[in-house]
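> turn this into a structure:
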Amino acid sequence: MISLESIGEPAVPPGRVERQTGIICAVPSRASSRCTSETCITRCAVRLKAIPTRKETSRVPDLPLPLFWSIVQATPEFVRAAYVTMAALGLRVGEYLKLTKDHLLPHTLGVRIPGTKTAESAAVVRVDERLWPWIEAGVPSPLAYKWLREYFKRALKVAGAPLDLRLHDLRHCYAQWLVDAGASEARVQVGMRHATAAMTRRYAMQRDKGENAKLMANLLLPARTA
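Below you'll find the model as predicted:
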């Protein structure tokens, strides 16, 4: 197995990383010289600040419920509950893979989510009794990440789904399906375990866009009167 130690540190041509200052030197220089002068450090820092960054685009999976079930049916039977569990609980992949039987609360129909991102992500999620059999069958995961993803990708082709769908998109679908069904942003925020309401707003925006589309269709294509 290849380790990070065997690979070593990546080169940073034409400059280098100066360990003493922590500044990336953007000015080519001889290997024997040192980038420690205040003038050089200031010049390099300014260049780093000028590097443009692209704003992250909110991902909106193209995955309606009927297509989701087609994907699930296209996977081997023993792993289907895994995908249903991730979607039903709005889980990150890492959170799902951490779940064990000890995280299940059968008397109150809840699941203790270990959380992998923020303090808010560690919480208890309630489950409807109709979905509880899926959760019990899906926890713990029957597979490691590699094959969990592999079977999912194969099923996308069989079901005719967009091939760029990811396992993490099942978490996005949890929120979008709830919002589309009429759940309030506050309720969805609780279910997603988001730290702020702004993180949940994207799903309501998609619902609003859909309502705008219906309204525009009514305006452009009014119902014919007898």
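> CA atoms for contacts and neighbours, from now on please.
Noted.
> show me what the longest helix belonging to the chain is packed up against.
Using DSSP state H, we find that the single longest helix of the chain is helix 198-220. If contacts are counted by 3 or more C-alpha pairs under 8 Å, 6 or more residues apart in numbering; DSSP states H and E, helix 198-220 sits against helix 169-180, helix 185-192.
> least reliable of those helices going by mean pLDDT?
Looking at the helices and strands packed on helix 198-220, the lowest mean pLDDT belongs to helix 185-192 (a mean of 87).
> would you turn the helices and strands packed on helix 198-220 into TSV with mean neighbour count and distance to E95?
Supplementary listing: the helices and strands packed on helix 198-220 in TSV, determined by neighbours: other C-alpha atoms under 10 Å; distance: least, C-alpha to C-alpha, whole Å:
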stretch	mean neighbour count	distance to E95
helix 169-180	21	11
helix 185-192	18	12
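> before we move on, back to that, ok, residues contacting the longest helix of the chain?
Helix 198-220 is contacted by residues 58, 175-176, 179-180, 185, 188-189, 192, 194 when judged by C-alpha atoms under 8 Å, 6 or more residues apart in numbering.
> CA atoms of it as PDB?
Provided in PDB are the C-alpha atoms of helix 198-220 (Å, rounded to 0.1, in the frame of the first residue of the first chain):
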ATOM      1  CA  ALA A 198     -29.300  29.700   5.700                       C
ATOM      2  CA  MET A 199     -28.000  26.200   5.100                       C
ATOM      3  CA  THR A 200     -31.600  24.900   4.700                       C
ATOM      4  CA  ARG A 201     -32.800  27.800   2.500                       C
ATOM      5  CA  ARG A 202     -31.500  26.300  -0.700                       C
ATOM      6  CA  TYR A 203     -34.200  23.500  -0.600                       C
ATOM      7  CA  ALA A 204     -37.000  26.000  -0.100                       C
ATOM      8  CA  MET A 205     -35.700  28.000  -3.100                       C
ATOM      9  CA  GLN A 206     -36.100  25.000  -5.300                       C
ATOM     10  CA  ARG A 207     -39.700  24.600  -4.200                       C
ATOM     11  CA  ASP A 208     -40.300  28.300  -4.900                       C
ATOM     12  CA  LYS A 209     -38.800  28.000  -8.400                       C
ATOM     13  CA  GLY A 210     -41.200  25.100  -9.000                       C
ATOM     14  CA  GLU A 211     -44.200  27.200  -7.900                       C
ATOM     15  CA  ASN A 212     -43.000  30.100 -10.100                       C
ATOM     16  CA  ALA A 213     -42.900  27.700 -13.000                       C
ATOM     17  CA  LYS A 214     -46.500  26.500 -12.400                       C
ATOM     18  CA  LEU A 215     -47.700  30.100 -12.100                       C
ATOM     19  CA  MET A 216     -45.900  31.100 -15.300                       C
ATOM     20  CA  ALA A 217     -47.500  28.200 -17.200                       C
ATOM     21  CA  ASN A 218     -50.900  29.300 -15.900                       C
ATOM     22  CA  LEU A 219     -50.200  32.800 -17.200                       C
ATOM     23  CA  LEU A 220     -48.900  31.700 -20.600                       C
END
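> what angle sits between it and helix 169-180?
Helix 198-220 and helix 169-180 meet at an angle of 60 degrees, taking axes from the mean of the first three to the mean of the last three C-alpha atoms, to 10 degrees as the criterion.
> average pLDDT across helix 198-220?
85.
> buried residues in that helix?
The neighbour-count check on helix 198-220 (16 or more other C-alpha atoms under 10 Å) flags 200, 202-204, 207 as buried.
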